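K.L.:
Need the 3D shape of this:
(4 chains)
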Protein chains: 2
Amino acid sequence: MDSVWFSKPRPSSGQPLGLSREAIVRKAVEMLDADGLQKLSMRKLAAALGAAPMSLYWHVPTKDALIELCLDEIYGEFVLPDPGEDWETALRGMMHSLRHLALKHPWWVRGIGEFNSIGPNAVAMADSMFEPMLRAGLSMAVAAQSISTVSSFVTGYALAEANFVARGGMDSPPPDLAKIADMYRDEHPNYVKMLDEQEIWSLEGQFEFGLDCVIDGIKARVTALRS
Amino acid sequence: MDSVWFSKPRPSSGQPLGLSREAIVRKAVEMLDADGLQKLSMRKLAAALGAAPMSLYWHVPTKDALIELCLDEIYGEFVLPDPGEDWETALRGMMHSLRHLALKHPWWVRGIGEFNSIGPNAVAMADSMFEPMLRAGLSMAVAAQSISTVSSFVTGYALAEANFVARGGMDSPPPDLAKIADMYRDEHPNYVKMLDEQEIWSLEGQFEFGLDCVIDGIKARVTALRS
DNA sequence: CTACGGTCTCGTACGCTGTAAGTTGCTCGT
DNA sequence: ACGAGCAACTTACAGCGTACGAGACCGTAG
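P.N.:
Presented below is the predicted three-dimensional model:
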């Protein structure tokens, strides 16, 4: 992990420069959004940029590093909370922003499963989450636990959601719900009943329900611990 | 998705049978636990079983299908709640069981990110989650939302945790926290403060904190909706 | 003007992957 | 004895990440 973040490429001095780390990352994010994590290859990325495969390796040390860069790139879309907001609305807003990110870039949640995020934008996001909590007088530990709790929920929800909608980068067709239902109707009626009804729930509504639950639970603890 | 679950291999009749779907899945789970998802290859698995690579394909249609089978295999370790328990303790117990699974098989959370889980054990687990909630008189929709909320938290937490402890299958050394801290000390002091303190928190404690939050939030809504 | 060192791009090649296709031998029912 | 079907193997192919080294271009020093 002498990672990308420690040694940026020295500022260039003169050359034609048809390629650049920024351009590569931008195109990579675009292709990731379109086709998902599995389908991205250095060769295809290079082709999309009109370059030879190995040319990318001057600007980016490795494919994994490139994906870390892409992750940090999209963390740049995270909208920071307004400075004056109370911790609850700030937290709620940030979680909505995170979910927006997850929906726009379905590969995000799979990426964070495989790489640590310690790029500047990721760190700025993390830092900004602490600010409203600490300003409200919480201890570092309680703030961290609260943040860990809500963002765990959001990422977990994004992970589940990515398997039902927006199957980007997956080549298999969606599972045949009717067939599954028939298969398990006798043994697991609850599950089948859920399959039959699930189409009517709004995923948006489910997310709000969960987020409300989590934030309420945190609020109760937070007010108890502060008094 | 004419998936593995729809067409099992016909029961064999006679032959030597040094290989079998069960043996392959068992060994695959073992290797996944040891080395993680990325490091598993059909060739290495076959070698570990003393067979030729292509021999596996008689018992398993594809590598993705094999991983689905492995996922379902470990769902078999999920311990179902006692039939008489109230929904809250049942739910809490199941989430602990799920977390136990996540810690024992770090590749699990990455696997569910890429494959739907509709095998018999996965479905049995899902079904068993509904039972205590419905028995408590909740509507299907509320039960489903509640379950979705807690398990999102648990999987999200497992995803985050997998990046800090148990870096199975990752070849990069853990990031140098001191270096990162130095890098961001001026710009993001909250983040750095968190890095400095985080070693003293128990991950177990963080999980309990979050789980309590989520379940409390659900409890409030559930009792309100039932009255 | 030449020579050089740094910056960038590219061509070739290696070892790895999943798996399609075809071959072989085994055991069985007839 | 013989075909059928099951199970394992061999070969081969297309694609992957990327190590290595050869060039192309540049600003500058001699």
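
K.L.:
okay, CA-based contacts and neighbour counts for the rest of this
P.N.:
OK.

K.L.:
So for stretch A:186-196, what gets flagged as buried?
P.N.:
A:His188, A:Asn190, A:Tyr191, A:Val192, A:Met194 (16 or more other CA atoms under 10 Å in any protein chain shown).

K.L.:
ok now that stretch, how far from the chain's centre?
P.N.:
Its chain's C-alpha centre and that of stretch A:186-196 lie 31 Å apart, by CA atoms, centre = their mean, to the nearest Å.

K.L.:
Do any residues in it lie close to chain B?
P.N.:
Yes: counting by CA under 8 Å from any CA of the partner chain, contacts between stretch A:186-196 and chain B involve A:His188, A:Pro189, A:Asn190, A:Tyr191, A:Met194.

K.L.:
Make a markdown table out of these and add pLDDT and secondary structure.
P.N.:
Output for the residues of stretch A:186-196 next to chain B, formatted as a markdown table (pLDDT from 0 to 100; DSSP: H, G, I helix; E, B strand; the rest coil):
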| residue | pLDDT | secondary structure |
| --- | --- | --- |
| A:His188 | 96 | coil |
| A:Pro189 | 95 | helix |
| A:Asn190 | 93 | helix |
| A:Tyr191 | 94 | helix |
| A:Met194 | 91 | helix |
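
K.L.:
What is the nearest of these to DNA strand C?
P.N.:
Closest approach to DNA strand C among the residues of stretch A:186-196 next to chain B (CA to the nearest atom of the strand): A:Tyr191, at 29.4 Å.

K.L.:
In terms of pLDDT, where does the closest residue to the closest one other than its chain neighbours sit?
P.N.:
Spatially, and ignoring its direct neighbours in sequence, A:Tyr191 is nearest to B:Asp127 (4.8 Å; CA to CA, 6 or more residues apart in numbering or on different chains). pLDDT for B:Asp127: 96.

K.L.:
next one: A:Ala158
P.N.:
For A:Ala158, the model assigns a pLDDT of 96.

K.L.:
That one - how many residues pack around it?
P.N.:
25 (other CA atoms under 10 Å in any protein chain shown).

K.L.:
now do A:Leu49
P.N.:
When neighbours are counted by other CA under 10 Å, A:Leu49 comes out with 17.

K.L.:
now A:Lys179
P.N.:
By other CA under 10 Å, the residues close to A:Lys179 number 11.

K.L.:
quick one: buried residues of the host helix or strand of it?
P.N.:
Per DSSP states H and E, A:Lys179 falls inside helix A:177-184. By 16+ other CA under 10 Å, the buried positions in helix A:177-184 come out as A:Ile180, A:Ala181, A:Tyr184.

K.L.:
Which of these sits closest to A:Trp108?
P.N.:
The nearest member of those to A:Trp108, counting by CA to CA, is A:Ile180 at 28.8 Å.

K.L.:
residues contacting A:Ala158?
P.N.:
Contact analysis of A:Ala158 by CA atoms under 8 Å, 6 or more residues apart in numbering or on different chains lists A:Arg99, A:Ala102, A:Leu103, A:Val109.

K.L.:
distance of the second one from A:Pro175?
P.N.:
Between A:Ala102 and A:Pro175 the distance is 22 Å, computed by CA to CA, to the nearest Å.

K.L.:
Determine the three-state secondary structure at the residue of chain A positioned farthest from its centre.
P.N.:
Residue farthest from the centre of chain A, counting by CA atoms, centre = their mean, is A:Asp186 at 38.0 Å. Under DSSP: H, G, I helix; E, B strand; the rest coil, the three-state class of A:Asp186 is coil.

K.L.:
got it, and A:Ile118?
P.N.:
Criterion first, three-state DSSP; result for A:Ile118: coil.

K.L.:
Burial check on it, number of neighbours?
P.N.:
Using other CA under 10 Å, A:Ile118 is surrounded by 20 other residues.
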